[in-house]
Each structure stands twice: as C-alpha cells, then as structure tokens.
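Asker: Turn this into a structure:
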Amino acid sequence: MFKRSKEKPDDGIVVLRDPGPQVCGGTRATLDTRAPKEISSEEMILFDATSALNVPSLGEDDRLGYLSAFAAPCGEGTFLLLETAIGFRRRDEKDLRWALVRESVFPALVRLVNECGLAAENGHHSSTAGLPENFGGSVTVRYASGETVSFSDNQAPVLSLETAERIADLFAGAMKGETLPLPDPADLREIRFCENREDGGYTRAALTLNADGTGTNKKASRYDGPKVYESEKPVDAETVSSIRQTAAETGLFAWAGLPVSDFKPLSEKTLTFVFGGGEEISVPGDRILPDQIRDGFFRIELEMTTKH
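Answerer: Numbers count the residues shown, from 1 in each chain. Down below sits the predicted model:
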C-alpha cells in the first residue's frame, strides 16, 4: 500500500503519495513512521505553529481565520510572536505582535499540546504544488528530551479552530504580563556588521549614526584574493530611520538570546548594536526565528554591505 522513500531506505520515511518526476503539480505526502504519537517530556523548548482555519460558515466571519504563534526561550525570558486574522475573507488583514516576556509559557503549552492531541499527526507532511496560497500550515514543537512534533499540509488546515483559539488566548494573555526591557532604537550610536566566509574572505562594515539623523558607513571586503576593497559613504536620514524602524519592528535586540538554528549558514554573520551608554548587543545570524521577522537581519545587512 505504501512505499518507502528510495533516497533513504532506513530513515523510516514512507511515501504516501507521489505524483512522479514527470508530473507537473500534484501532491507529495510522506509519513515518518518513527515519529512518536505521544510525548513523554514535560520540558518544551520551542513552539511554532501556523495554520489557515476553517471558519464554520461565511456568516461567522468574526471567528479566527488564521493563526501563527511562535515561542522560544530568550535569555531570562520568552520571545513570543502572535499573528492572527479574523474570518475567511479578511485573512490578508493580519495583526502581528511580538513580546519578550519574563514568564515562561512552556508549561501551559505542554498541557495544551497534550490536551489537543497534536502529536497524533506527528510525522505527516503533505505538499500540493501550484496552490495560489497556503491553505494549510505547519506545526513544529521541540522538547529538551530531543522529542519533536512536526507535521504540515499546504492544502488543508493543520489546526482545528478550537485549538487555534486556545493558542491565541494563551499567547495574548502571556503578552499582557511583565515584559523584559530592550534598548530604545533611538539610542543607537553605531551598528557593526561582520561576515567571515569559509574561503577566508570577509566583509566588515561600521555605520556611525550622527546627531542630525544621518550616518556614515565604512566598509572593507576581501574575496578570493589578497586585495581589500574599502569604501566610505554617507547614509541619508531616511535610511537611518528605516534601519531603526526595522530593529524595532522585528525585535532584533532580543535575538541574541534565541536558540541556534539547526541549519548551518554558508558564512558566519554578526550584527553588533552600540548604544549611547556604551552598551553593546551582538546578534549572530543563525538564530531560530519565525518567518514574519527573520528578514530583519538581512534588511540591515543589505543597507550596510550592498546599498552603501
């Protein structure tokens, strides 16, 4: 009935559906037969769930129609992100919030995952090519024991409306609690970017922010040869303001405390923020992040290394 993946015959992956290499579009579905359906660990270290939702009827357009929730330990607190949209017809009108809270939401999330039976779908992944939007979503939950819950489907919701509403209520409530302080982007005085590549090349840039709202960007780069390319360019006030806004909108100053991603980057990158009182925050480019804000690092990198 099922056939095992030819790529890795001993990895426990069973191909449930495969349109074949010659078929344009279609659905590919797999099941990890080793994925546990019950989780024994009580110590959660990551929660990341996104799903379009089935609104009971078009007449109930005030119900939740989309949810995305992310929680990860971050220094002495927890980094939370919650994105929601109401109804089916207003799913493009999303409300996005993030917060660095002192409280740990993970004990409550452990209970929620268990009570809602999310592990029952563990290991199932389905992807249908050619859909105009993601009508489903994905769930990833990690535990200190190494246990993981992971499933996805881009064709149908991966969460029930009731489960999504419980998640939204839990996150919204936690965000009302005590938050941990972060520096004010207006107090930024300098931003330093450093990239070290495996071939020995590097790019380094230092953006000094002036009192009048403008800046000066100094850059040095070396590629596959000994020559170092250097430049110094002015940065207008609009760009400096945009950089400050990016840091504020994406919570960049909190990223240093987030867990390291499993994916090894092609080069080591760091952004260091220097503030008026001399405080420095160094943010590596390899953190686990929700999709909604992960481009914050790149947007600042782009301004410092390519545009100026």
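Asker: so what's residue 136 up against?
Answerer: Going by CB atoms under 8 Å, 6 or more residues apart in numbering, residue 136 touches 51-52, 126, 152-158. Where you see a C-beta, it was placed from the backbone N, CA and C, and this is true even at glycine.
Asker: and what of residue 298?
Answerer: Counting by CB under 8 Å, 6+ apart, residue 298 makes contact with nothing.
Asker: A strand includes it, no?
Answerer: No. Residue 298 sits outside any strand when classified using DSSP: H, G, I helix; E, B strand; the rest coil, being helix.
Asker: For residue 27, see how far away it is.
Answerer: Per CB to CB, to the nearest Å, residue 298 is found 32 Å from residue 27.
Asker: Would you mind giving me the PyMOL syntax to select the buried ones in the contacts of residue 136?
Answerer: Buried residues within those, by 16 or more other CB atoms under 10 Å, are selected in PyMOL with:
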select buried, resi 51+52+126+152+153+154+157+158
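Asker: Among the contacts of residue 136, which one lies nearest to residue 168?
Answerer: The shortest approach to residue 168 among these belongs to residue 51, at 11.2 Å (CB to CB).
Asker: Now do the SS call for that closest one.
Answerer: strand.
Asker: Quick check, pLDDT for the nearest residue in space to it that is not next to it in sequence.
Answerer: Once flanking residues are discounted, residue 51 sits nearest to residue 137: 3.4 Å by CB to CB, 6 or more residues apart in numbering. pLDDT for residue 137: 96.
Asker: OK, contacts around residue 137?
Answerer: 49-52, 68, 152-154, 157-159.
Asker: In the sheet, which residues pair with it? Tell me.
Answerer: Beta bridges link residue 137 to residue 51, residue 153, judged by DSSP bridges.
Asker: could you measure it against residue 32, distance?
Answerer: In terms of CB to CB, residue 137 sits 18 Å off from residue 32.
Asker: Quick check: the gap between the spatially most central residue of the chain and residue 35.
Answerer: Note on the chain: the residue nearest the mean C-alpha position is residue 290, at 1.6 Å, using CA atoms, centre = their mean. Taking CB to CB as the measure, residue 290 falls 23 Å from residue 35.
Asker: With residue 141 instead?
Answerer: Taking CB to CB, one finds residue 141 at 12 Å from residue 35.
Asker: More neighbours: which of the two?
Answerer: residue 141 (23 against 18; other CB atoms under 10 Å).
Asker: Confirm for me that that one is in contact with residue 47.
Answerer: Yes. Using CB atoms under 8 Å, residue 141 makes contact with residue 47 at a distance of 5.5 Å.
Asker: who touches both of those two?
Answerer: 109, 113.
Asker: hey, where'd the helices end up in this protein?
Answerer: 106-115, 161-175, 237-250, 296-302 (DSSP state H).
Asker: closest one to residue 209 among those?
Answerer: Taking the helices of the chain one by one with CB to CB, helix 237-250 is closest: 5.9 Å.
Asker: what's near enough to touch residue 254?
Answerer: Taking CB under 8 Å, 6+ apart, one finds 74-75, 79, 100, 182 in contact with residue 254.
Asker: So which of those wins on neighbours?
Answerer: Neighbour counts for these peak at residue 79, which has 26 neighbours (criterion: other CB under 10 Å).
Asker: Would you agree it is in contact with residue 259?
Answerer: No. Between residue 79 and residue 259 there is no contact under CB under 8 Å: 9.7 Å.
Asker: any shared contact partners between the two?
Answerer: Between them, residue 79 and residue 259 share the contacting residues 72-73, judged by CB under 8 Å, 6+ apart.
Asker: follow-up on the earlier one: would you check that the residue nearest to the centre of the chain makes contact with residue 48?
Answerer: Yes. Using CB under 8 Å, residue 290 is in contact with residue 48, at 6.7 Å.
Asker: Looking at the closest residue to residue 263 other than its chain neighbours now. What's its pLDDT?
Answerer: Among residues not flanking residue 263 along the chain, residue 286 sits closest, at 7.8 Å (CB to CB, 6+ apart). We have a pLDDT of 96 for residue 286.
Asker: Residue 272 is in contact with residue 188, correct?
Answerer: No. Using CB under 8 Å, residue 188 is not in contact with residue 272; the gap is 11.1 Å.
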